[in-house]
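**Student:** My questions are about this predicted structure, shown below with the sequence.
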Amino acid sequence: MRNAVSNWTRNDPASAASWLGHLPDGKTRDQMISSFSNNVTDIDPEAAASWAASIGGESHRRNTLSNVISQWARTDRPSAEAWVNRQGFSFRAATATAHTNTQHEVAQTFLSAQRAELERGIYSVIER
């Protein structure tokens, strides 16, 4: 199913995003959003980061968000850093893949504070 979402994302990201928005919470949704986010980063990195931040599973969310921000930073570091800073998060922590207690606490604080706001704004990001 991930391959189907990857292909769909490349061909029609708005339609894929709309479908993702209707999936029930859970592991399958998290996996589909992770695949979507990783594939849409080159097209719309801000939307990819917002979607990644909406993943319910903490570890999965942290890893996907780290991948998206790292990928975004390779092509437009100033914009990636600005997005991370607007979220009140450390760029270094956002791009780190190690799972230390400190990074875990920072990520949890960031994600808890931002999740509700990001979920409210997801549809506005994909409708642009």
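**Tutor:** Now that the structure is in, tell me what you want to look at.

**Student:** where does this structure have low pLDDT?
**Tutor:** For the chain, the stretches flagged by pLDDT under 70 are 1-2, 90-128.

**Student:** which stretches of it form helices?
**Tutor:** 2-11, 13-20, 27-40, 45-53, 58-86, 91-95, 101-126 (DSSP state H).

**Student:** packing partners for the longest one?
**Tutor:** The helices and strands touching helix 58-86, judged by 3 or more C-beta pairs under 8 Å, 6 or more residues apart in numbering; DSSP states H and E, are helix 27-40, helix 45-53, helix 91-95, helix 101-126. All C-beta atoms are positioned from the backbone trio N, CA, C, and that covers glycine.

**Student:** List the buried residues for it?
**Tutor:** Neighbour counts over helix 58-86 (16 or more other C-beta atoms under 10 Å) mark 60-69, 71-73, 80-81, 83-84 as buried.

**Student:** Now do that helix against helix 45-53, angle only.
**Tutor:** 140 degrees (axes from the mean of the first three to the mean of the last three C-alpha atoms, to 10 degrees).

**Student:** buried stuff in stretch 5-14?
**Tutor:** Of the residues in stretch 5-14, those buried under the neighbour-count criterion (16+ other C-beta under 10 Å) are V5, S6, W8, T9, P13.

**Student:** wouldn't the last one be in contact with D44 here?
**Tutor:** It refers to P13. Yes. Using C-beta atoms under 8 Å, P13 and D44 qualify as a contacting pair, with a distance of 7.1 Å.

**Student:** Who's the closest spatial neighbour of A49, skipping the chain neighbours?
**Tutor:** Take A49 and drop its neighbours on the chain: the residue closest to it by C-beta to C-beta, 6 or more residues apart in numbering is V68, 5.1 Å away.

**Student:** From I33, how far off is the residue nearest to S15 when sequence neighbours are not counted?
**Tutor:** Nearest residue to S15, sequence neighbours excluded (C-beta to C-beta, 6+ apart): W8, at 7.0 Å. With distances taken as C-beta to C-beta, to the nearest Å, W8 is found 13 Å from I33.
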